[in-house]
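> have a look at this prediction, sequence included:
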Amino acid sequence: MDFVLTPQQEMFRTLFKEFADKEVAPIAAEIDESGEFPLDTVKKMAKLGFMGLPFPREYGGAGADTFTYIIAVEELSRACASTGVILSAHVSLGGQLIYQFGSAAQKEKYLKPMAEGKLLGAFGLTEPNAGTDASNQQTVAVLDKDEYVINGSKIFITNGGYADVYIIMAMTDRSKGLKGISAFIVEKGTPGFSFGPKENKMGIRASSTTELIFQDCRIPKENILGKEGDGFKIAMQTLDGGRIGIGAQALGIAQAALDEAVRYSKERQQFNKAIGTFQAIQWMIADMATEIDAARLLVYRAAWLKDQKKPFGKEAAMAKLFASETAMRAALKAVQIHGGYGFMKDYKVERLMRDAKITEIYEGTSEVQRMVIAAATLK
Amino acid sequence: MKIIVCIKQVPNTNEVKLDPKTGTLIREGVPSIINPDDKNALEAALAIKEQQGAEVIVLSMGPPQADYAIREALAMGADEGILLSDRAFAGADTWATSCALAAAIKKTGEFDLVFCGRQAIDGDTAQVGPEIAEILDLPQVTYVRKIASINKEKIVVERALEDGYEVIETEMPAVLTAVKELNQPRYPSASGIVNAFEKIIPVWGAADIGVSPDKVGLNGSPTQVKRTFTPPVKGAGRMLSGTLQEAVQTLVQELNAKHVI
Amino acid sequence: MAVVIDKEKCVGCRACLGSCPFDAIEMAGGAAYITDKCTGCGACVEACPVEAIYRTDEQKKEEVSLDAYKGVWVFAEQRDGKVMNIAFELLGEGKKLAQALGVELSAVLIGDKVEGGAKELFAYGADVVYLAEDPELKVYRTESYASVLSDLIKAYKPEVILIGATNIGRDLGPRVAARIKTGLTADCTELGIDTEQRLLLQTRPAFGGNIMATILCPNTRPQMATVRPGVMKKMAPAAGRSGKVIRVQYKSGMDKIRTIVKDVVREAGRLVNLEEAQIIVSGGRGVGGPEGFAVIEQVAKKLGGVVGASRGAVDAGWIANSHQVGQTGKTVHPKLYIACGISGAIQHVAGMQNSGLIVAINKNPAAPIFKIADYGIAGDLHQVLPLFLEALEEKDNGKQGLAV
């Protein structure tokens, strides 16, 4: 077992850290306040090849691995969780899905420009009545000669409105239940495909979250991924990978919380001493540091398994579950350590606490992760 | 056009701290980086490559781990990297270093430009660039803060002065040293990093560049270190207490009494 | 000179590992050993608690006749026909070295119609001035100046040459050192003489100012050193003092000069002469922004001083880098240095620790700057400085009241 990064991964981490510190961190508070989508940052990331990190060079990617991409999400999220999830949704839920399940033509048409950062991706599974019960799809797709006609809506879609390529699930044969769901590629601008307004969220406010609305939206029948009935399986497998990405995002948030807490503990003086000398604070810091390290090992291990092409579903669920709950606990402790200042928007920890919460919810709530882990363990 | 960029891997001296108890350097956990001025030189070479086409070769003299710095340069866009590494080179002062680098530069064949950083943040001498120029018998321009124009016959640059700058035109081939103001070094790209780790970086020793061991390294160094010590720390004075108003009053009185103001 | 660890004496305490500035010591089999990275500096010799490390003096490689080299020279940098202050500072230091060696002190003056500068050089201590004048030497160029200086060295054989560590000096010094194939030590902060061996002891900072090293150039001549402006002290000028002028002929076009100076541009904005300032008021990250420097400027103006800055403030873009004091900025030695909102990292301290009196103002009572300040106030500079200005006003008014 080797717990050390390779020199190549180290060089990547240095790049991501520098980019996060210089390009992402300086505007993070501002875009959180305004909710403005960081288009410029996405352009810069595209130029440097971040948007296609784990994809092979023949598909316009950088030819790195999942592990490297996970480090990117971690470092970006440490500076700004919104920026981290923009990348994560695009790579894990968008690009990865087409890479794994798309035809050669679909990869050429969509994956390549997505990997090159020319097109942004998004994934639409969740509906107003289909969250944890993802199989309860109301959106339908009906084959009409050479086209599928889609009707319905999706909700809480990351990168909504800004993404160019959307992979959405829709029911093609209700009688087959789970096996009646199919996956489709829908391009922005297709007639009948519109967006709801940007949601006004508690956290990751610069990430654009919208409804997707389909009203007699017609797409070429070639835009189905795999065949009819593959949709649910495609969605679940894609989410497995996406979980590692969210685990990395949560890890970045948690690390930021620890960094802030450590800095503040050394600077803040009460009773003529730095508060970091008091045991109450020390124990909080010790717990944060230990949990974050454990979360990191879980997330990295899941990424490693995926790169090794070994099964990773249970491990990815463990990573996402533990990292997200760690992030929430760490952010809460960080605010507490900051005392009154932690409640003020001038301090980063205030944002971290609001950002951390969503990691326990999306891409499978903590309850869903527990279901997945239990099912795998009790097999 | 062929441009040779000399880089050095250095500890990030901005992060080096002194152990307050022993007074010695704490070097653990201090990352190694490409010397900042060298990165500016590299960026300038890469910009010329983009604008008019050029082959950019990166050369570094150092221990085996310096090849990581060369890979960073390759990741930024350099075409080739060469590591000069040999026990014989160890302990070199600037003259011995320049001898080795100049010999290696000659070995690469015809070239148009040698670009160095002005100075390294560990040695802080700014001597290697001009010494290489002298050994190669080439014109030099130091403190280059802007490149106005460049072609195979001549180059026009701005050279920083303390209170302004000079516009200097020089024949090619030439040796230039870069300062921070010259440019903003680019990030390496993701595919740049992947490609960099697939390249082979040849390692040249003293025999490869045709220098005898007594002309390089510690043996070839006209200067030697007699001793090192930590600088005497100026002792602490007094903190002025009371309200800010009172502290300020005391300060003014003291400074007045000492005829400093 | 090699440094050796006696394996028998070594107790494996690892004290030497941390003392090595070059990472040249490693452990094997419970004992320390020195690797090829060693530069022979000897820092580990002093660090070893059981005296298991010692130096061996090696035989001199060649018998070089260095006796022919005598005299201390100073390169008298001139710009626009005016001799720069650094030349006088170097003469001040050069005088001490020349006296210790029992030799003459000379200055080298190169330019066009610069003969008038010789009088000043004599006044500040030179016994001899080597003068090379020619229209082609009016503006500094590497090749022409390097030619003149190298030829002078070959003809007159000085044993020590001091050059100012200015943009010109740092261009010229290494070129000449390489041509003569001798040693050059940059940015010396202290110079001394080992009279027995007639060696120049050259002390300079390394590793960003974290350690000091004393360098020797034992086997080649001249021993060359550059010194930063503001470090050495010039003597009080003795007006009317005279000396010998030795004219040197510059053969125009004698070396094909491959560089043309097309233009010299002085940039707008006050020339920030930190190195000669007697009072400096500096701002660091604590200033908070470019507007924050307004109060710093007010205080500097009131005291008749100059505004300085830490690297943090310059890198943040709040003030031009001509104001930067520190290891990568300027070295200063004013009689009063007021550091406002500066933490006191070694890189900054290295540039101002030789100030006469240091006053530090910082919100953080644990800031390292207070360890070297003569007076410290723990407070926000934006609150302290206005109070300071008021107090200075009162003092001046009070004084005026007493004046007769």
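Sure thing, it's come through.
> for residue 146, give me its contacts.
With no chain named, the answer covers chain A. Shown in contact with residue A:146 (C-beta atoms under 8 Å, 6 or more residues apart in numbering or on different chains): A:220, A:221. Using the backbone N, CA and C atoms, a C-beta is placed for each residue, glycine as well.
> the intended chain is chain C.
By C-beta under 8 Å, 6+ apart, residue C:146 lies in contact with B:134, C:172, C:175, C:176, C:179.
> which positions in the helix or strand containing it come out as buried?
Per DSSP states H and E: residue C:146 is located in helix C:142-156. By 16 or more other C-beta atoms under 10 Å in any protein chain shown, the buried positions in helix C:142-156 come out as C:142-153, C:156.
> ok, stretch A:340-359 next?
Applying 16+ other C-beta under 10 Å to stretch A:340-359 flags A:342, A:347-359 as buried.
> one more: stretch A:81-97?
Neighbour-count burial for stretch A:81-97 [16+ other C-beta under 10 Å]: A:81-97.
> just the pLDDT for the residue of the stretch 101-250 of chain B found nearest chain A.
Distances between the stretch 101-250 of chain B and chain A by C-beta to the nearest C-beta are smallest at residue B:190, namely 3.3 Å. Predicted confidence (pLDDT) for residue B:190: 97.
> show me what from chain A comes close to chain B.
By C-beta under 8 Å from any C-beta of the partner chain, the residues of chain A that approach chain B are A:7-8, A:11-12, A:14-15, A:18-19, A:47-50, A:52-53, A:57, A:62-64, A:68.
> which of those residues are buried?
A:8, A:11-12, A:14-15, A:19, A:48-50, A:52-53, A:62-64, A:68.
> distance of the closest residue in space to residue C:221 that isn't next to it in sequence from residue C:156?
Nearest non-adjacent residue to residue C:221, counting by C-beta to C-beta, 6 or more residues apart in numbering or on different chains: residue C:69, 4.0 Å away. According to C-beta to C-beta, to the nearest Å, residue C:69 stands 9 Å off from residue C:156.
> which stretches of chain B have low pLDDT?
Applying pLDDT under 70 to chain B flags the ranges B:14-28, B:232-235.
> who in it is up against chain A?
Residues of chain B lying near chain A (C-beta under 8 Å from any C-beta): B:31, B:68, B:71-72, B:75, B:187-194, B:196-197.
> follow-up on the earlier one: turn the contacts of residue C:146 into JSON lines, columns for secondary structure.
As requested, the contacts of residue C:146 are exported to JSON lines (DSSP: H, G, I helix; E, B strand; the rest coil):
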{"residue": "B:134", "secondary structure": "helix"}
{"residue": "C:172", "secondary structure": "helix"}
{"residue": "C:175", "secondary structure": "helix"}
{"residue": "C:176", "secondary structure": "helix"}
{"residue": "C:179", "secondary structure": "helix"}
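> what's the closest of the buried residues of stretch A:340-359 to chain B?
Looking across the buried residues of stretch A:340-359 and measuring by C-beta to the nearest C-beta, the closest to chain B is residue A:348, at 22.2 Å.
> pull the number of nearby residues for residue B:202.
Using other C-beta atoms under 10 Å in any protein chain shown, residue B:202 has 10 other residues around it.
> my bad, residue C:236
10.
> next: the one 3 residues further on.
Residues lying near residue C:239 (other C-beta under 10 Å) number 9.
> surely it touches residue C:123?
Yes: counting by C-beta atoms under 8 Å, residue C:123 is a contact partner of residue C:239 at 5.6 Å.
> can you classify the residue positioned nearest the centre of chain B by secondary structure?
In chain B, the residue lying closest to the centroid (C-alpha atoms, centre = their mean) is residue B:120, at 3.6 Å. Under three-state DSSP, the three-state class of residue B:120 is coil.
> then residue C:121?
Three-state call for residue C:121 (three-state DSSP): helix.
> for the stretch 301-404 of chain C, which spans come out with low pLDDT?
C:399-404.
> residue in it nearest to chain B?
For the stretch 301-404 of chain C, C-beta to the nearest C-beta, closest residue to chain B: residue C:374, 3.6 Å.
> wait, that residue sits on residue C:359?
Yes: between residue C:374 and residue C:359 there is a contact under C-beta under 8 Å: 6.8 Å.
> higher neighbour count, these two?
In this view residue C:374 and residue C:359 are compared by other C-beta under 10 Å, and residue C:359 has more residues nearby, 24 against 20.
> backbone dihedrals for the more buried one, please?
Main-chain dihedrals, residue C:359, degrees, to the nearest 10: phi -120, psi 130.
> need the contact list for it.
B:251, B:255, C:336, C:337, C:338, C:339, C:373, C:374, C:375, C:376, C:377.
> now the residues you listed: which count as buried?
Neighbour-count burial within the contacts of residue C:359 applies to B:251, B:255, C:336, C:337, C:338, C:339, C:373, C:374, C:375, C:376, C:377; the criterion is 16+ other C-beta under 10 Å.
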